[in-house]
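In: pasted the sequence and its predicted model underneath.
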Amino acid sequence: MKIASRALLLLLFFVAGTWFSVAQNDQLRAYTLKDGLPQSQVNAITQDELGYLWIGTKGGGIARFDGISFKVWNEKNGLGSNFINTLTFYKNTLLIGTNQGLSVRTKNTFTNYESPRIYDIETVNDNIFLATRKGIYKYAVSGEIERVDCNTVLNSTQINDILFDGTHYWIASRRGLWKTDRLASDGTFKKMFESDFKSIARYKDRIIAASFIDGIYSFKNNEVGFQEVSEIREINSINLVNSDQLWINTRNAGIKRINLTDNLPEKSISKRDGLSIYNINNVYTDRQNNVWIGSSGGGLFKSEKNNFRHFTKDNGLTANRIYALHYQNKTLWVSAAESGLTKIDSTGIHQEKETSKYLDKKVKTLTSDKDGRIWAGTEGKGIYIYQKKVRDTIIYENLSEDEVTYKTEQIETIYSANITTAIGLPSDWISNIKIYGSYVWIATYSNGIARFQYDHKKKRIFNLKTFDTENGIKDIGIRDMARDETGRIWYSTNKGHLGYIKNDEVTHLTPKQVTGSEVTIGTIHIHNYDMYLGTLGKGIWFSTLSKDLKFEQLQGKKDLYSDNIYQLIFDDNGALWAGSERGVDQITLNKKNEIQNVIHYGRNDGFLGIETCQNAATKDTEGNLWFGTIDGLTKYVPSTSEQQSSKPQIYFENVEVAYQSLDSINLQDWTNSDKRLQLTADENDLAFQFRSVDLDNPEAIVYRYKFDNNKWSPWNQESKITFGDLDYGNHTFLAQSRNKDWLESDPISFKFHVIQPLYKKTWFKNLLWTILGLIVAFIIYNYIKRVKAKNRAIRERLQLENHLLSLEQKALRLQMNPHFIFNVLNGIKGMSRNDIAKMDKTINTFAVLLRETLTNSRKDNITLDQEIKTLKNYVEVERLMASKDFSYAIDVTSNLDPEEVLIPPMLIQPFVENAIRHGIMPLQRPGELKITFKTDDRFLYATITDNGIGIQESQKNKPNTDHQSMALQVTKERIESLAGVNTLKITDISEKDATLAGTRISFKIPLETEF
């Protein structure tokens, strides 16, 4: 019946759709001429110990690939021929089989040897055998190529491949598959199979040989006969991948694959998987388990097993630039460029042609309502609503008693509507649409936010409410919206503002309250009561949705690969995915929202595009993530296992000494060794170039370095470090690399020694300093001799001057002493003769005073204690001679003992005498005299105070011939000679009512002590 046929057809569609969605994720990344490949026919691929991939082409020479760019060498650089057939490395030397013979590349130099065209190179126990167009040749490292005499058949035929299994050599030639115990004229050669054999591989204890016309056969070393593996024809080569997977590279059918464990075929690789041509020359597995495919005309392909599947114009999309995604009812809706809507379901990719008539503008946001209608927000055409319903109708074709036949037809019902400013929409430029219940929320580019309900029958909006600057939204350029668990509608803006609407009230946060600056917040994502904000320039920010919002930048053990965040979405395992202009980051967070790990996916990791698009990330019901990029649509399937990353390997690529490459040594032998390179004094300018080659993620490799005992430098992408004018001595340079998973390489070191120049050597410097010292000593000796002579003359002159000064001071003291004695004798003379006892006491006291005065006059200095005793005796004499008594006091304030302090003799007496005779005696009230001494670290201070008539009045009463004035003048000169001019101060003392209260005499002299 026809209904059964239709059911079968639907089943086939379902099966096809299921394969379409879950097929093995083998992705091919093509490298062609536009990527820098010198020629599109790739005949040979190999990898060096540094990790570089080397590609031999048919006509373009060889190229070295680091995951980003190709560096090419050809005949212009010294290569023997641009037509390359095979490549292999032997002890860091690249052996190149060309149409003209063998080329050997050592460092950057090529050495060429002529021979017949070489198809394969096999190295066995330091022997290098060449499979050529005319037999087998042997290359000696000494630089000679000689023919290997096998037998008459092999000597004259084309040899395509040679393999040594440990005991025997297997030879694939145009005239059969051969086996021998040794490649020599005396070897035993046995033909195993007659056919044109192209390639040989070894699997466990078996040899797999591929014939161009007869298929693939398996041989056991010690068994007779063979086993047919496959009947595939027109084979260019075979390779073993993942230890048990045989890849068969054909001339016209792409790559066939057989699992040798059970001899069952696996999925082939063809144009459907990304091959641009079916003629495949060879494949190569690198150290990161990537399989590289060399084609004949399609360039180089990289086969990656990963979690991504891609959709582009090549497999059904209308355009590659994806603006918006929305998943609804097992269907993914896609907005691609300005070409309407596309849906992807279990039956494949379907372009909704009806939508392209209206949606010729960018659709930047997609959503759906509860009835399944798709809402599309556009740039310039408002909102477009679309729904297509398909139902089956049964049509009866014939009615009879014996048989009823009928058929079914599908009837499509299409609903569409437009909401624009013409019917009340505040703006036709829509950045985001959210539908919650019966309410539609829209964000506009420059008119804030609107909320409304829509009548689909009448096609009109009602209950419209707008939120703009009048409602408290300070920046109305809205970028995204989201609703939290409490029903708040959150929004973000171009200038970094954030806010929410609840109960028609706006709560607005300024950039200072969120990120601290006016950086665009492009996306909002709410997950488990946490809000995540993707910014354009400051990474990801988050806050718990509590009463007190506190936004912090997402940070942790690793950094994001970009701070420009366009997409945010969580997968079912709780990982946060962030789309940027560099791909996507899978971010693992702990409970504190701290980054624990970041795994980056870019083009080399299987992610289709580089730049992702806002509003173009979603998750389907099976937990698959979908990302829209400028290069197409990418689906991520979390269930697929991922490759395990290993720590990178770092090597020294070059060392420059005095700006010249150091070609005289093998850098690998000097790396991490105890060898130390000896450099001359003028070779102290060095540059180190190092590299970690990562063919999967070359742009993620960063480096750091350390010099001697300094700290490690910060991680950066600089792989060449220059040091200038280094000090002599031992030095050590270290470098280290880190890959995208933050796995660090083992550090590498290079040791060198800058030889000390002659003029810096210790013995030379000692000799130089000795000579210089002798010269200086001779100059100093002559200088000292002259200075001593000069000082001797000066000392003699100073001694004479000092002696004269001493005589002068003694003369001054002699001038005072007679005057003092004269005054005392006059006083005694005037005493009453009736008071004999007083006169005797006066004479006795005067005698003591006179003896002390005469004794002290012979000395330059006396102690302060002696001076005080002399002053007391003098004052007592004056009291005995005075007509009326007066009181006196002598005080000393000092940390030093008066017996330790020195003072010139007779320095105080003239001032005391003057105070008594001219100050106190004329008084009508009791007289008072006070003498004080005080010291500090530098000076001795003396003060004589009386309560007499004052200095002014005293000067008036003195006769013009008063000798006391002469004594004061002499004493003043003595003080000034000791302490300087204006050291002596004589002032009248006044009471508060301006009446005179006496005279104060003060001065200071340098402090001298006996110790």
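Out: All right, it came through fine. Just so we're clear, the structure is a prediction, and the values are computed from it rather than from any experiment.
In: dig out what Ile385 forms beta bridges with.
Out: Trp375, Ala417 (DSSP bridges).
In: and it, how many neighbours?
Out: 18 (other C-beta atoms under 10 Å). Heads up, the C-betas are built off the backbone N, CA and C, glycines and all.
In: so who does it touch?
Out: For Ile385, the contact set (C-beta atoms under 8 Å, 6 or more residues apart in numbering) comprises 373-376, 415-419, 454, 456.
In: distance of it from Ile435?
Out: The gap separating Ile385 from Ile435 is 11 Å, by C-beta to C-beta, to the nearest Å.
In: give me the common contacts of these two.
Out: Trp375.
In: returning to that earlier point: give me the buried subset of the contacts of Ile385.
Out: 373-376, 416-419, 454 (16 or more other C-beta atoms under 10 Å).
In: what's stretch 445-464 in contact with?
Out: Residues contacting stretch 445-464 (C-beta under 8 Å, 6+ apart): 373, 379, 385, 415, 417, 419, 423-427, 429-431, 438-444, 465-469, 471, 473, 476-478, 481, 489, 491, 501.
In: give the buried subset of those residues as a PyMOL selection command.
Out: This is how PyMOL selects the buried members of the contacts of stretch 445-464, with burial counted by 16+ other C-beta under 10 Å:
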select buried, resi 373+379+385+417+419+425+426+427+429+430+431+440+441+442+443+444+466+467+468+471+473+476+477+478+481+489+491+501
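In: could you tell me which of the contacts of stretch 445-464 belong to strands?
Out: Among these, DSSP state E puts 385, 415, 417, 419, 430-431, 439-444, 465-467, 478, 481, 489, 491, 501 in strands.
In: now Glu852: closest residue in space that isn't a chain neighbour?
Out: Thr870 (4.9 Å; C-beta to C-beta, 6 or more residues apart in numbering).
In: Glu234 too?
Out: Using C-beta to C-beta, 6+ apart, the closest residue to Glu234 is Arg251 (4.2 Å).
In: so the one you found touches Ser295, yeah?
Out: No: at 10.8 Å, Arg251 does not count as touching Ser295 under the criterion of C-beta atoms under 8 Å.
In: what about these two, which has more around it?
Out: Ser295 (26 against 16).
In: spit out the contact partners of the nearest residue to Asn77 once chain neighbours are set aside.
Out: In this structure, Asn77 finds its nearest non-sequential neighbour in Phe110, 7.1 Å apart by C-beta to C-beta, 6+ apart. Neighbour list for Phe110: 73, 77-80, 103-104 [criterion: C-beta under 8 Å, 6+ apart].
In: can I get the helix or strand harbouring Phe110 in CSV, CA atoms only?
Out: Assessed by DSSP states H and E, Phe110 sits inside strand 109-114. Extracted in CSV, the C-alpha atoms of strand 109-114 (Å, rounded to 0.1, in the frame of the first residue of the first chain):
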residue,chain,number,x,y,z
THR,A,109,72.4,24.7,3.8
PHE,A,110,71.5,22.2,1.0
THR,A,111,73.9,19.7,-0.4
ASN,A,112,72.6,18.0,-3.6
TYR,A,113,73.5,14.5,-5.0
GLU,A,114,72.5,13.3,-8.4
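In: pull out the buried positions in that strand.
Out: 110, 112-113.
In: repeat that for stretch 877-885.
Out: Buried-residue list, stretch 877-885, by 16+ other C-beta under 10 Å: 877-881.
In: now the helices for the stretch 901-1011 of the chain?
Out: 909-915, 951-957, 963-979 (DSSP state H, counting those that start in this stretch).
In: need those in TSV (columns: mean neighbour count and mean pLDDT).
Out: As requested, the helices of the stretch 901-1011 of the chain are exported to TSV (neighbours: other C-beta atoms under 10 Å; pLDDT from 0 to 100):
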stretch	mean neighbour count	mean pLDDT
helix 909-915	24	86
helix 951-957	14	73
helix 963-979	17	73
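In: of all those helices, which one is nearest Ser243?
Out: Ser243 sits nearest to helix 963-979 of all the helices of the stretch 901-1011 of the chain, at 106.7 Å, using C-beta to C-beta.
In: chain center to the closest one: distance?
Out: 82 Å (C-alpha atoms, centre = their mean, to the nearest Å).
In: does anything pack onto that helix? Which helices or strands?
Out: helix 762-829, helix 909-915, strand 996-1006 (3 or more C-beta pairs under 8 Å, 6 or more residues apart in numbering; DSSP states H and E).
In: so which of the ones you listed is the most surrounded?
Out: Compared across those, helix 909-915 shows the largest average neighbour count, a mean of 24 (mean count of other C-beta atoms under 10 Å).
In: which other helices and strands contact it?
Out: helix 762-829, helix 864-881, strand 927-935, strand 939-946, helix 963-979, strand 996-1006.
In: pull out the buried residues from the helix or strand that comes right after the first one.
Out: By that I understand helix 762-829. Sequence order places helix 836-856 as the next helix or strand after helix 762-829, per DSSP H and E. The neighbour-count check on helix 836-856 (16+ other C-beta under 10 Å) flags 839, 842, 845-846, 849-850, 852-853, 856 as buried.
In: closest to Lys765 out of the buried residues of strand 109-114?
Out: Looking across the buried residues of strand 109-114 and measuring by C-beta to C-beta, the closest to Lys765 is Phe110, at 49.9 Å.
In: chain center to the strand holding Phe110: distance?
Out: Distance, centroid of strand 109-114 to centroid of chain: 44 Å (C-alpha atoms, centre = their mean).
In: avg pLDDT for that strand?
Out: Taken as a whole, strand 109-114 has an average pLDDT of 93.
In: could you do stretch 706-720 as well?
Out: 93.
In: do stretch 257-264 as well
Out: Mean predicted confidence for stretch 257-264 is 84.
In: so what pLDDT did the nearest residue to Ser737 once chain neighbours are set aside get?
Out: Excluding its sequence neighbours, the residue lying closest to Ser737 (C-beta to C-beta, 6+ apart) is Ser692, at 3.8 Å. pLDDT, Ser692: 93.
In: repeat that for the one 10 residues further on.
Out: The predicted local confidence for Val702 comes out at a pLDDT of 93.
In: mind listing what it touches?
Out: 715-717, 737-738.
In: can you pick the most crowded of these?
Out: Neighbour max across those (other C-beta under 10 Å) = Ser737, 26 neighbours.
In: which helix or strand contains it?
Out: Per DSSP H and E: strand 729-738 holds Ser737.
In: tell me how far the residue nearest to Glu234 lies from Tyr284.
Out: Distance from Arg251 to Tyr284, by C-beta to C-beta: 18 Å.
In: then Thr945?
Out: Taking C-beta to C-beta, one finds Thr945 at 114 Å from Tyr284.
In: on that earlier part again, joint contacts of Arg251 and Ser295?
Out: Residues touching both Arg251 and Ser295 (C-beta under 8 Å, 6+ apart): 279-280.
In: so, low pLDDT: which residues of the stretch 501-650 of the chain?
Out: 609, 639-645 (pLDDT under 70).
In: show me where it has helices.
Out: 511-514.
In: over to the stretch 301-450 of the chain?
Out: According to DSSP H, counting those that start in this stretch, the helices that the stretch 301-450 of the chain contains are 353-356.
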